[in-house]
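Trainee: Pasting the sequence and the predicted coordinates here, then a few questions.
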Amino acid sequence: MSAYERHAGAPGQVKEVTSLANPLVKDIKALALKKFRDQQNAFMAEGLKLVIDALDLGWSIRTLVFAKAGRGNTAVEKIAARTVAAGGTVLEVSEKVLVAITRRDNPQMVVGVFSQKFLPLKDIRARDGDVWVALDRVRDPGNLGTVIRTVDAVGARGVILVGETTDPFSVETVRATMGSIFAVPVAKASPEAFLAWRTSFPGLVAGTHLKGAVDYRSVDFSKGPVLLMMGNEQQGLPDELAASCDKLLRIPQAGRADSLNLAVATGVMLFEIRRGALKLGPEDARS
């Protein structure tokens, strides 16, 4: 039995909570720690729109937390009803409790606790026009969240986390995705499992590398699916992953900097790949 099942009470129950000592509040606060997120297979997302989007996309909500100020708000009441109908628990909390849960002085009015969801690597079947991004040992949650958001923006298919990476379900990463965590499938694998899977990838595997000999703008990305491989923030792609690429690409630098931030470099690559592999024109661009 999980902490939520021990403390939440009957499914669909609505509770008013004002005490920081409430066991369920303590459990939600603990989701700031990866150990607890893993134990409970849960994570937290802030914001009414994010919670609505998550439910619309089929994510399983365990607990909905909303500020007392949200009482009477039609949108909040609708999402509370959906949570109850899904068997989740709804907590109406004081401002003090919401600040403690979110660790923000000006928290969002609504917070949702959801079950984590990873896409099994073996279930990825790349087809023509698909673009996948593999990230090797990404360390910064802001970088990971921004990459997930960019993958969503360009219409790529998903992200594969290789090796020991930062947690895609940490509070910081989820915030940086701006809700895209619910729209972008995320898989994870050891380097060995990833390399074994890569051998059956039916399209172009391209990685960025300081030693890359090919200008990224000169590559034809229009034939078949594309797997873009991006290296760790400090070390780049390790030799074994670089050796598995069909092409090692470089992004030319005009100034003194010899490299870009990981999230920026991934964005540059994805929007270039977008022109060919995703077959989208200027009319598809969004501001």
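Mentor: That came through, no problem.

Trainee: what does the model give P282 for pLDDT?
Mentor: P282 is assigned a predicted lDDT (pLDDT) of 47.

Trainee: Can you mark which positions in the helix or strand where L24 lies are buried?
Mentor: Here L24, judged by DSSP states H and E, is contained in helix 23-29. Across helix 23-29, burial judged by 16 or more other CB atoms under 10 Å covers 24-25, 27-29. Every residue, glycine included, has its C-beta placed from N, CA and C.

Trainee: how's this protein carved up into domains?
Mentor: 3-115, 121-278 (automatic domain parsing).

Trainee: now these as a markdown table including mean pLDDT?
Mentor: Compiled in a markdown table, those are given as follows (pLDDT from 0 to 100):
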| stretch | mean pLDDT |
| --- | --- |
| domain 3-115 | 88 |
| domain 121-278 | 93 |
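
Trainee: helices and strands around the helix holding L24, which ones?
Mentor: Contacts defined by 3 or more CB pairs under 8 Å, 6 or more residues apart in numbering; DSSP states H and E place helix 23-29 against helix 3-7, strand 14-17, strand 61-67, strand 89-93, helix 95-102.

Trainee: same thing but at 7 Å, please
Mentor: The contact analysis (3 or more CB pairs under 7 Å, 6 or more residues apart in numbering; DSSP states H and E) places helix 23-29 against helix 3-7, helix 95-102.

Trainee: what's downstream of the last one, the next helix or strand?
Mentor: Spelled out, it's helix 95-102. That would be, after helix 95-102 and using DSSP H and E, strand 110-115.

Trainee: what sits up against that following strand?
Mentor: By CB atoms under 7 Å, 6 or more residues apart in numbering, the residues outside strand 110-115 that reach it are 28, 31, 41-48, 51, 54, 59-66, 70, 76, 79, 101-102.

Trainee: so how far is it off the chain centroid?
Mentor: Offset of strand 110-115 from its chain centre (CA atoms, centre = their mean, to the nearest Å): 15 Å.

Trainee: Walk me through which strands that strand pairs with, and which way each runs.
Mentor: Note on strand 110-115: by DSSP bridges, its sheet partners are strand 42-46 (antiparallel), strand 61-67 (antiparallel).

Trainee: How many neighbouring residues does L270 have?
Mentor: By other CB atoms under 10 Å, 23 other residues sit near L270.

Trainee: so how far is R149 from it?
Mentor: 11 Å (CB to CB, to the nearest Å).

Trainee: Ok, L24 next?
Mentor: Here L24 is placed at a distance of 30 Å from R149 (CB to CB).

Trainee: thinking again about what came up before, dump the buried residues of helix 23-29 to a markdown table, plus distance to S218.
Mentor: What follows is the buried residues of helix 23-29, written out as a markdown table (distance: CB to CB, whole Å):
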| residue | distance to S218 |
| --- | --- |
| L24 | 56 |
| V25 | 56 |
| D27 | 53 |
| I28 | 50 |
| K29 | 51 |
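
Trainee: Sweet, I'm off.
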